[in-house]
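**Student:** my questions concern the predicted model and sequence given below.
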Amino acid sequence: MSIDKDTVKYVAHLSRIELAPEELEMLSGQLKDILDFIDKLSKLEIKDIQPTSHILPINNVLREDSPRESLPVAKALANAPQKSEGFFVVPKVIE
């Protein structure tokens with residue numbers, strides 16, 4: 001697929017983007033390269049390739065989820081800059 005400066009200029013106008021002549025030249029070249037690459041990809045034979053969500057066979061490593069003793073409140077709040085009645089005190093973020 002081919003893209004020319006007039007097409008880039010038209011799309012820039014629709015997008016309300018002002019492009020300098022050197023930017024127009026550069027972008028039209030880059031877009032042409034991108035579209036040429038997409039054309040190459042569309043010519044590949046992929047009907048026998050299974051779809052994947054990741055290129056490498058990666059699986060999450062999960063530990064067994066079992067109940068255990070939690071951190072005591074006093075130890076959890078030991079380094080808290082502000083605390084009140086067993087809770088962290090944080091600044092209000094809602095205006």
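**Tutor:** Nice, I can see it.
**Student:** helix, strand, or coil at the nearest residue to residue 31 once chain neighbours are set aside?
**Tutor:** Spatial nearest neighbour of residue 31, chain neighbours left out: residue 3 (4.9 Å); criterion: CB to CB, 6 or more residues apart in numbering. The C-beta positions use only the backbone N, C-alpha and C, and glycine is treated the same way. Of the three states, residue 3 takes coil under DSSP: H, G, I helix; E, B strand; the rest coil.
**Student:** was I right about residue 3 contacting residue 32?
**Tutor:** Yes: at 5.2 Å, residue 3 and residue 32 qualify as touching, with contact defined as CB atoms under 8 Å.
**Student:** ok, these two, which is more surrounded?
**Tutor:** Comparing residue 3 with residue 32 by neighbour count (other CB atoms under 10 Å), the higher total belongs to residue 3, at 18 against 15.
**Student:** measure the residue located most distally from the centre of the chain to residue 77 for me?
**Tutor:** Most distant from the centre of the chain: residue 85, at 40.5 Å, with distances by CA atoms, centre = their mean. From residue 85 across to residue 77, the span is 10 Å (CB to CB, to the nearest Å).
**Student:** can you map out the helices along the chain?
**Tutor:** 5-14, 21-42, 73-76 (DSSP state H).
**Student:** would you list these in a markdown table and tack on mean pLDDT?
**Tutor:** Formatted as a markdown table, the helices of the chain follow (pLDDT from 0 to 100):
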| stretch | mean pLDDT |
| --- | --- |
| helix 5-14 | 92 |
| helix 21-42 | 92 |
| helix 73-76 | 93 |
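**Student:** which one of those lies closest to residue 50?
**Tutor:** The minimum distance between residue 50 and those falls on helix 21-42, with 17.4 Å, by CB to CB.
**Student:** about what we covered before: want to throw the helices of the chain into a markdown table with distance to residue 67?
**Tutor:** Below are these laid out as a markdown table (distance: least, CB to CB, whole Å):
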| stretch | distance to residue 67 |
| --- | --- |
| helix 5-14 | 58 |
| helix 21-42 | 50 |
| helix 73-76 | 18 |
